[in-house]
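> Sharing a model that was predicted from the sequence below.
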Amino acid sequence: MIRFITDKKEKQAITRAILEALPEWFEVEESREGYIRDSAEQPFFAAFEDASSTKAVGFLALKQTGAETVELAVMGVLKDHHRSGIGRKLFTAARDYAIQQGYSFMQVKTVRTGMYEDYDITNAFYKSVGFKELEVIEVLWGPENPCQIYVMNLKSMQNIIAARHSYRGAFADEKVPREDLTAIASAGMDAPSGCNKQTTSVIVVDDPKTLGKIKETLDPPVAQTAPAMIVVLTKRINAYRDRCFAVQDYSAAIENMLLAIVELGYQSCWYEGHITDEDRICDKIGEILSVPDDMDVVCLLPVGKAADEFHGPSKKSFSERVKYNTWG
Ligand SMILES: Cc1cc2nc3c(=O)[nH]c(=O)nc-3n(C[C@H](O)[C@H](O)[C@H](O)COP(=O)(O)O)c2cc1C
């Protein structure tokens with residue numbers, strides 16, 4: 001399991017233990033001590049065998065290199081845990097964190113492929129998680145260690161999809177600019193709809209008084225600190241004959257909006273079950289917002305910057321749910 005470590009001494013102790021066990025990559029004492037020293041101030045992820053384990057088997061540290069850019073400063077996994085998926089889990093946690101923090105690009109440097117076998121493994125790993133070759137610079141570490149710089153677009157659609165998780169924690173006390181709310185709502189309206197009937201509409205709520213009234217209806221309370229909310233409305237228009245695709249239409253619109261929310265550095269959660277249950281919170285929200293009788297409130301999406309640390313839930317394995325060509 002992966003943990004976000006904040007204690008400076010713990011970060012340095014983990015970095016030392018792992019790097020000293022990996023002389024093939026970190027034999028130069030000066031640079032190793034530099035990594036250990038710097039790790040104290042860096043966003044830091046450590047991998048443990050299980051929840052009760054206190055001995056880290058791998059770690060990854062990030063370094064901000066610009067307003068929109070972050071560097072995978074250093075990572076290491078104990079040799080007997082190589083090829084176990086730990087490196088990938090560490091990277092995934094760090095990538096999601098970087099996206100949540102609003103970074104657009106991640107870079108990483110290593111010795112280029114074709115020089116040393118151990119570094120070839122490192123290059124293959126970085127490529128396998130999605131890094132792209134940017135440039136090789138020989139003058140940085142000398143001609144015997146040509147420096148390969150890799151780069152990754154954190155805002156690629158694949159990364160945004162992977163980094164979207166339902167967020168149910170507290171939101172930062174920060175207004176969401178109208179231009180961002182408009183971009184999010186537009187993403188929803190750009191979604192496909194059965195026979196292009198466009199049965200989905202939204203009301204964007206950023207007025208504190210109206211937000212307060214909606215929050216009062218949410219029992220048990222959720223999204224109480226959200227600085228904005230998108231209320232999703234649907235109209236039951238048939239696409240053809242008696243076929244109505246309104247549910248599919250608003251689901252596509254909601255997913256588009258959730259992805260736009262993450263792309264812009266915010267978090268959200270698809271609150272539908274909570275408001276459409278027997279107590280019909282959705283109708284109370286409809287009344288507050290003067291929603292006409294031929295439209296239904298079906299979902300609430302809070303929008304804001306996350307104030308709490310969070311992780312996605314575990315999901316079934318890929319092979320359990322995805323097959324090629326036949327289920328057999
Ligand atoms: C149709 C639908 C209704 C949902 N309703 C709620 C809800 O009322 N409350 C809630 O906390 N999460 C709700 N969710 C979010 C799911 O619980 C969440 O997507 C799921 O646990 C997977 O987690 P992930 O979104 O982080 O991948 C809903 C999701 C969908 C698709």
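Arrived safely, thanks for sending. Numbers count the residues shown, from 1 in each chain.
> Quick one: neighbours of Ile2, just the number.
By the criterion of other Cβ atoms under 10 Å, Ile2 has 19 neighbours. In short, each C-beta sits where N, CA and C put it, glycine included.
> How much space separates it from Asp50?
With distances taken as Cβ to Cβ, to the nearest Å, Ile2 is found 12 Å from Asp50.
> Also Gln148?
35 Å.
> more neighbours, these two?
More crowded of Gln148 and Asp50, by other Cβ under 10 Å: Gln148, with 23 against 6.
> Report the contact partners of the more buried one.
By Cβ atoms under 8 Å, 6 or more residues apart in numbering, the contact list for Gln148 reads 109-113, 123, 133, 135-136.
> just checking, which of those belong to helices?
Among the contacts of Gln148, the residues falling in helices (DSSP state H) are Asn123.
> which residue of this structure sits farthest from its center?
Within the chain, the residue lying farthest from the chain centre (Cα atoms, centre = their mean) is Arg241, at 41.0 Å.
> OK, contacts around it?
Arg241 is in contact with no residue at all, counting by Cβ under 8 Å, 6+ apart.
> What are the phi and psi values at it?
Note on Arg241: backbone dihedrals following degrees, to the nearest 10 are phi 40, psi -120.
> distance of it from Glu278?
31 Å.
> Check Val111 too.
62 Å.
> Now do the buried residues in the worst-scoring helix or strand of the chain on mean pLDDT.
Between all helices and strands in the chain, the lowest mean by mean pLDDT, DSSP states H and E belongs to helix 23-26, at a mean of 90. Across helix 23-26, burial judged by 16 or more other Cβ atoms under 10 Å covers 25-26.
> That helix: what's the following helix or strand?
As assigned by DSSP states H and E, the chain's next helix or strand after helix 23-26 is helix 29-39.
> name the helices or strands packed onto that following helix?
helix 8-20, strand 56-64, strand 69-77 (3 or more Cβ pairs under 8 Å, 6 or more residues apart in numbering; DSSP states H and E).
> got the contact list for the residue nearest the centre of the chain?
Central residue of the chain (Cα atoms, centre = their mean): Ala163, 2.4 Å from the mean position. Counting by Cβ under 8 Å, 6+ apart, Ala163 touches 95-96, 99-100, 262.
> Check Phe125 too.
Gly87.
> Remind me which helix or strand it belongs to.
helix 117-128.
> can you pull the buried residues of that helix?
119, 122-123, 125-126.
> List the residues that contact Leu72.
60, 62, 91, 94, 106-108 are the contacts of Leu72 under Cβ under 8 Å, 6+ apart.
> Of those residues, which belong to strands?
60, 62, 106-108 (DSSP state E).
> May I see those organised as JSON lines, with neighbour count added?
What follows is those, written out as JSON lines (neighbours: other Cβ atoms under 10 Å):
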{"residue": "Leu60", "neighbour count": "27"}
{"residue": "Leu62", "neighbour count": "22"}
{"residue": "Met106", "neighbour count": "24"}
{"residue": "Gln107", "neighbour count": "18"}
{"residue": "Val108", "neighbour count": "22"}
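> Show me where the stretch 201-328 of the chain has its helices.
Remark: helices assigned in the stretch 201-328 of the chain by DSSP state H, counting those that start in this stretch are 208-217, 246-263, 281-288, 318-321.
> between the ones you listed, which gets nearest to Asn159?
Closest to Asn159 of these, according to Cβ to Cβ: helix 246-263, at 9.4 Å.
> What is the neighbour count of Phe4?
13.
> Next up, identify which helix or strand it is on.
Assigned by DSSP H and E, Phe4 falls in strand 2-5.
> show me what contacts Tyr266?
Going by Cβ under 8 Å, 6+ apart, Tyr266 touches 176, 180, 184, 303-306.
> If anything else comes up later, I'll come back, but that's it for now.
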